[in-house]
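Colleague: The following block contains a protein sequence and its predicted model.
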Amino acid sequence: MTARVLTPETLRNIVLVSNPAITPDGGKILYTVARINIDADTYESSISLLDVATGFEEPLQQGPSDSCPIPAPNGRHYVFIRRVERDRKQRGQPGLELRFASIDRPGASRLIARVHGLVSVSWSPDSLRLAAAIPVGLPDEDVKVVETLPVWFNGKGFIYKTQVKPFIVDVYSGYMEEIKLDDVKWMQVADIAWSPDGRKIAVTVSRVMEKPYLRDLYVYYLDEDRAELVAEKLSGFGEIVWSPDSRYIAYLGHRRERGFATHNKILVFDTEDRGSEPECLTCSLDRNAVNTANSDVRFSSCLKKLQWTRKGILFVASDHGRAPLYSVEPGSEPTIVIDPGEGVVDEFSATPDGARIAYTRMTATEPREVYVSDGGNARRLTRHNDTWLSRYKLSKPEKFVFKASDGVEVEGWILRPPEGVEEKGWVLYIHGGPKTMFGYGFMHEFHVLAGRGYTVVYTNPRGSDGYSEEFADIRCRYGERDYQDLMEAVEYVIERYRLPRDKAAVMGGSYGGFMTNWIIGHTDLFKAAVTMRSISNWISMYGTTDIGWYFVEDQICCTPWRNFEHCWEKSPLKYADRVKTPTLIIHSNEDYRCWLDQALQLYTALKLHGVETRLAIFPNENHDLSRSGKPKHRVKRLQLILEWLDEHLAGKKEEEKAGREAGNA
Ligand SMILES: CC(=O)N[C@@H](C)C(=O)N[C@@H](C)C(=O)N[C@@H](C)C(=O)O
């Protein structure tokens, strides 16, 4: 009997767990449960309430589009967001309801305000108000008359008239008042935090549209209706949390010491010692203080990446494919407080005393579930995916480490087809970023490939996250050490695992798509390629996408006007006339991170040079198609990939051709 393996259609079984928000007394956890309804082609999300002591669970908000519960300091109330359907007449109208509810009244809630989005939210200590970062000014005009940058943003559409502003929101009356920071014409608030003493609101904000990666840190004093600039020209994630004594602000970010390859660090500013240099609490760790593990089974969350408890500042860091939860205090070294083993702590929230922590954890063979830790004793509270998963055969990846030609160790994993499934070939899968990491995140796509008989090899070459800052820094040198690491990994796994050299494919998305495009222009080793949301031309990338003009200059060290030749040297399109590898090109028509032109230019080049190629354009999808696209499109995408591999690795094409010829004889 053939093993029941994961297929594109098993996407429907996955329950997506997110946003584990613990109440201040540690007694309950509010979290989002999302299901993938392929038939209705939508995600259905509701809010569940877990009793920590008994593990008993009950629905709090039935959905179908409720998420992001954030409990109030009083432990009785919470806010959440409800996505509302809009028809064409309502185009441009806010699509989210910010709602207020009581934990002891399941199903009941009250509208606070309708908003276009919710970038960040922070309760006032008295549980009566919110500090919220809210997008305003979404354009609904037919003809787009643009005077700002960026024109559009991946996942948000046309944002040329949109700003993200700080507000104080009364949860009872719905009254919203903008916090005036400065007489700035354009702002994008990255995060907002109400101080525990209730007197101040900290805000991180970008104020220069040509350099949105620069963030300034302000403190607004409510009693004086006055804002003060605490620090400027910071970068990175831009998240902030207050110390329990309302004096210090921890900032998650950096100062671009290595451009966008710089690790996010925890920098602590003393708001009572203006102008003093911040203390860096994670510099000694030399790891990115955020979780960048790849996974295709996540759902939206409103939890922060930092929390300052009375025991210290909690944060997740990326380390060798794992993502442990750390705690650190000023003057001390970071220590691991939750070790996920061969797994990833994906999100968390803690009681103010830090004694109890709710979190989600996933592994390479288990999607996320909710756990709770009491001073180091961790226990699992949910099992949404156990039953259906137990009906399928999933193989476990095996980790390997090899020494690259420059003596540096490079890590990777190999995922064989499940027992009973005939091996038909293998795929080198390359992650994007480049500063993200493969490792112990659950990848449904990998198990689908393995279930079809394709061994998956995935590595963290230079440029990846999860190691030192130096390891991640490949600025100006794309296609050099990263390419060498990947090709040396190929030789290593062929040798060690006896993988067939003549049945290898290469695939990847975004930067991984760039590298796939680069590889097929520099070697004919692979019998097939699949390039997704990719980059083929840095010169056109520069001016067409939401991050292009600063990402290209920082990462490729060129612009169309400076070092132009280097931009072209590093563009896979330059080498398209050398390509022989049959290549499937997958792209979304609303991908504003790597615009559709990147796919069209490569497709046209391959077509004109007689290379077997196929282009799949997904309508009304963006850069995140494989992670949060419409369910039917995600299934279709996986089917197209399997068909391409079957045709070019498993000889399906030859079989069918032979069959036709026999039929015609
Ligand atoms: C780490 C990261 O996301 N960097 C951004 C600047 C970015 O979006 N880079 C893209 C070119 C990319 O490769 N994105 C990855 C995360 C993807 O898989 O989409």
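Modeller: Everything's here; your move.
Colleague: is residue 531 in a bridge, and if so with what?
Modeller: residue 508, residue 585 (DSSP bridges).
Colleague: Helices of the protein, residue ranges please.
Modeller: Secondary structure of the chain, counting by DSSP state H: helices at 386-390, 444-451, 469-472, 481-497, 511-520, 538-544, 548-556, 564-569, 597-608, 625-628, 631-648, 652-664.
Colleague: got the CA coordinates for the longest strand along the chain in CSV?
Modeller: Counting residues, the longest strand found in the chain (DSSP state E) is strand 226-242. C-alpha atoms of strand 226-242 as CSV (Å, rounded to 0.1, in the frame of the first residue of the first chain):
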residue,chain,number,x,y,z
ARG,A,226,5.0,67.4,24.2
ALA,A,227,7.2,65.0,22.3
GLU,A,228,11.0,64.8,22.7
LEU,A,229,13.5,63.2,20.3
VAL,A,230,15.4,60.5,22.2
ALA,A,231,17.5,59.1,19.3
GLU,A,232,17.7,59.4,15.6
LYS,A,233,18.8,57.6,12.5
LEU,A,234,18.4,54.1,13.9
SER,A,235,17.5,51.1,11.7
GLY,A,236,16.3,47.6,11.8
PHE,A,237,13.0,46.3,13.1
GLY,A,238,12.3,49.4,15.2
GLU,A,239,10.3,47.7,18.0
ILE,A,240,10.4,49.2,21.4
VAL,A,241,9.5,48.2,25.0
TRP,A,242,9.7,50.2,28.3
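Colleague: what distance separates stretch 446-463 from the middle of the whole chain?
Modeller: 19 Å (Cα atoms, centre = their mean, to the nearest Å).
Colleague: typed the wrong thing, it's stretch 629-644
Modeller: The answer for stretch 629-644 is 20 Å, by Cα atoms, centre = their mean.
Colleague: go on, stretch 371-380?
Modeller: The answer for stretch 371-380 is 25 Å, by Cα atoms, centre = their mean.
Colleague: Give me the contacts around that stretch.
Modeller: Residues from elsewhere that reach stretch 371-380 (Cβ atoms under 8 Å, 6 or more residues apart in numbering): 22, 29, 52, 337-338, 355-361, 369-370, 381. Just so you know, the C-beta spots here come from the backbone N, C-alpha and C atoms, and that holds for glycine as well.
Colleague: on that earlier part again, partners of the longest strand of the chain in the sheet?
Modeller: With DSSP bridges as the test, strand 226-242 is paired with strand 215-221 (antiparallel), strand 248-254 (antiparallel).
Colleague: which outside residues touch the last one?
Modeller: The reference is to strand 248-254. 193, 202, 204, 215, 217, 219, 230-231, 234-243, 262-271, 278, 281, 289-290, 305-306, 308, 313, 315, 330.
Colleague: same check, this time on stretch 283-291
Modeller: Contacts of stretch 283-291 (Cβ under 8 Å, 6+ apart): 237, 252, 263-266, 282, 305, 315-319, 323, 326, 333-334, 344-346, 435, 465-469, 472.
Colleague: Run through the residues of the stretch 501-650 of the chain sitting next to the ligand.
Modeller: Residues of the stretch 501-650 of the chain lying close to the ligand by Cβ under 6 Å from any ligand atom are 509, 510, 511, 547, 551, 593, 623.
Colleague: now, which of those residues sits nearest residue 645?
Modeller: residue 509 (15.7 Å; Cβ to Cβ).
Colleague: Near the closest one, how many residues? Count them for me, please.
Modeller: Using other Cβ atoms under 10 Å as the criterion, residue 509 is surrounded by 28 other residues.
Colleague: My read is that it contacts residue 429, right?
Modeller: No - look at residue 509 against residue 429 with Cβ atoms under 8 Å: they stay out of range, at 9.2 Å.
Colleague: Considering only the stretch 351-500 of the chain, name the residue that lies closest to the ligand.
Modeller: Proximity of the stretch 351-500 of the chain to the ligand (Cβ to the nearest ligand atom) peaks at residue 432, 2.7 Å away.
Colleague: How many neighbouring residues does that residue have?
Modeller: Residue 432, neighbours per other Cβ under 10 Å, totals 22.
Colleague: Local confidence estimate at it?
Modeller: Residue 432 is assigned a pLDDT of 98 by the prediction.
Colleague: what about the spatially closest residue to it that is not a sequence neighbour, neighbour count?
Modeller: The shortest distance from residue 432 to any non-neighbouring residue, by Cβ to Cβ, 6 or more residues apart in numbering, is to residue 510 (3.3 Å). Neighbour count of residue 510, defined by other Cβ under 10 Å: 24.
Colleague: Run through the residues that contact residue 510.
Modeller: Counted by Cβ under 8 Å, 6+ apart, residue 510 has contacts 432, 433, 532, 533, 534, 535, 593, 594, 623.
Colleague: Now, those residues that are in strands?
Modeller: Those of the contacts of residue 510 lying in strands (DSSP E): residue 532.
Colleague: I'd assumed residue 410 was in contact with residue 461.
Modeller: Yes - using Cβ under 8 Å, residue 461 is in contact with residue 410, at 6.2 Å.
Colleague: so what sits against both of the two?
Modeller: Residues touching both residue 461 and residue 410 by Cβ under 8 Å, 6+ apart: 485, 489.
Colleague: Out of the contacts of stretch 371-380, which sit inside strands?
Modeller: Those of the contacts of stretch 371-380 lying in strands (DSSP E): 22, 29, 337, 338, 356, 357, 358, 359, 360, 361, 369, 370.
Colleague: Tabulate these (JSON lines), appending pLDDT.
Modeller: Converted to JSON lines, these look like this (pLDDT from 0 to 100):
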{"residue": "22", "pLDDT": "98"}
{"residue": "29", "pLDDT": "98"}
{"residue": "337", "pLDDT": "97"}
{"residue": "338", "pLDDT": "98"}
{"residue": "356", "pLDDT": "98"}
{"residue": "357", "pLDDT": "98"}
{"residue": "358", "pLDDT": "98"}
{"residue": "359", "pLDDT": "98"}
{"residue": "360", "pLDDT": "98"}
{"residue": "361", "pLDDT": "98"}
{"residue": "369", "pLDDT": "98"}
{"residue": "370", "pLDDT": "98"}
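Colleague: Could you work out the most separated pair of these?
Modeller: Distance extremes for these: the farthest pair is 337 and 369 at 18.7 Å, using Cβ to Cβ.
Colleague: need the contact list for the closest residue in space to residue 547 that isn't next to it in sequence.
Modeller: Counting by Cβ to Cβ, 6+ apart, residue 547 lies nearest to residue 593, which is 6.7 Å off, once chain neighbours are set aside. Shown in contact with residue 593 (Cβ under 8 Å, 6+ apart): 154, 510, 533, 545, 546, 547, 622, 623.
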